[in-house]
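1. What follows is a predicted structure for the sequence shown.
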Amino acid sequence: GSQTKNVKSDDVLHKYMKIIVQPPEEEDCCICCEKLSVASGYGEGTPEDFVIIQLDKCSHMFHRLCLFAMYENGHKNDHLQCPTCKTIYGEKQGNCPRGIMEYNFIQESLPGYEGYETIQINYTIQSGIQGPEHPHPGKRFSARAFPRIGFLPANERGKKILLMLIIAWKRRLTFTIGSSTTTGEPDTVTWNEIHHKTELGSNFSGHGYPDPKYLDNVTMELAIHGITEADI
Ligand code: NAD
Ligand code: ZN
Ligand code: ZN
């Protein structure tokens with residue numbers, strides 16, 4: 001029955017929630033659009049259809065059945081995202097191919113960060129065969145324009161962001177495999193929603209300095225992937 005089927009996600013998900021005995025009468029479950037005080041819209045006529053849970057950090061409430069069904073139909077990669085507010089529970093893992101991340105400090109300053117050294121990050125990924133976590137398992141993927149290089153100011157903020165980018169790399173979130181929007185090539189390694197500044201002393205591509213908003217923006221992008229200063 002459903003009890004056995006859900007054992008695995010039960011283990012992962014129950015860490016992040018508690019069961020609510022008397023849910024607010026008028027509030028809806030935003031997954032099935034039914035009231036929390038009535039059965040889940042995806043229920044099968046068992047008592048389980050009425051169980052309401054509340055997520056720990058954001059306090060949003062759902063039918064347990066609805067939230068577990070959403071998780072089962074998603075990536076199931078050990079993290080849960082609140083469908084209402086996008087708060088992440090657990091660690092989001094990506095599918096970045098294996099490779100090398102290295103960094104070093106260089107003396108040249110970035111426009112807008114005069115007086116500071118610069119952190120240079122090098123990513124090296126080689127072409128290979130896609131794994132089961134990729135869009136076309138067994139098929140080749142290309143890796144163009146590697147090593148790719150990103151720059152950060154070596155101030156306190158930049159050093160913290162470096163540490164968060166290292167966490168992103170370990171969780172395989174920095175790159176992914178798909179079609180490049182720049183070149184249109186399918187099955188290739190592309191940047192994955194955590195923007196890097198790839199130009200040091202210029203800004204021809206729009207991915208250079210000066211950009212006074214960059215450190216805020218990349219901090220936000222890391223947070224969307226579940227990485228904050230608290231993880232450092
Ligand atoms: P993409 O074009 O699919 O875009 C993915 C993300 O990367 C987007 O968020 C985009 O804003 C960002 N992005 C695009 N250009 C960037 C740049 N120059 N620096 C930093 N971020 C950038 O991603 P992609 O296929 O990984 O392409 C990224 C860059 O790599 C492009 O500038 C492209 O010209 C270059 N590239 C070069 C070759 C080559 O053979 N020389 C091949 C592929 C990509
Ligand atoms: Zn529901
Ligand atoms: Zn929430």
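-> Everything's here; your move. Ligands and ions are numbered 1, 2, ... in the order given.

2. roughly how far is the helix or strand Y71 falls within from the heart of the chain?
-> Assigned by DSSP states H and E, Y71 belongs to helix 64-73. In terms of Cα atoms, centre = their mean, to the nearest Å, the centre of helix 64-73 is set 19 Å apart from its chain centre.

3. correct me, but K139 touches T188?
-> No: taking Cβ atoms under 8 Å as the definition, K139 is not a contact partner of T188, at 11.4 Å. For every residue, glycine as well, the C-beta is placed using N, CA and C.

4. When the two are compared, which one has more neighbours?
-> More neighbours surround T188 than the other of K139 and T188, with 20 against 12 (other Cβ atoms under 10 Å).

5. mind checking pLDDT for the more buried one?
-> Per-residue confidence (pLDDT) for T188: 98.

6. Could I get the contacting residues of it?
-> Contact analysis of T188 by Cβ atoms under 8 Å, 6 or more residues apart in numbering lists 141-144, 177-180.

7. ok, now P186?
-> 178-179.

8. got it, and V189?
-> Neighbouring residues of V189 by Cβ under 8 Å, 6+ apart: 97, 125, 141-144, 146, 175-177.

9. among the contacts of T188, which two are most distant?
-> With Cβ to Cβ as the measure, no two of the contacts of T188 lie farther apart than A143 and S179, at 14.1 Å.

10. Who has more neighbours out of those two?
-> A143 (19 against 13).

11. how close does Q126 get to T87?
-> 36 Å (Cβ to Cβ, to the nearest Å).

12. neighbour-wise, which of the two wins?
-> T87 (17 against 13).

13. now the more buried one, nearest residue through space, not along the chain?
-> C58 (4.3 Å; Cβ to Cβ, 6 or more residues apart in numbering).
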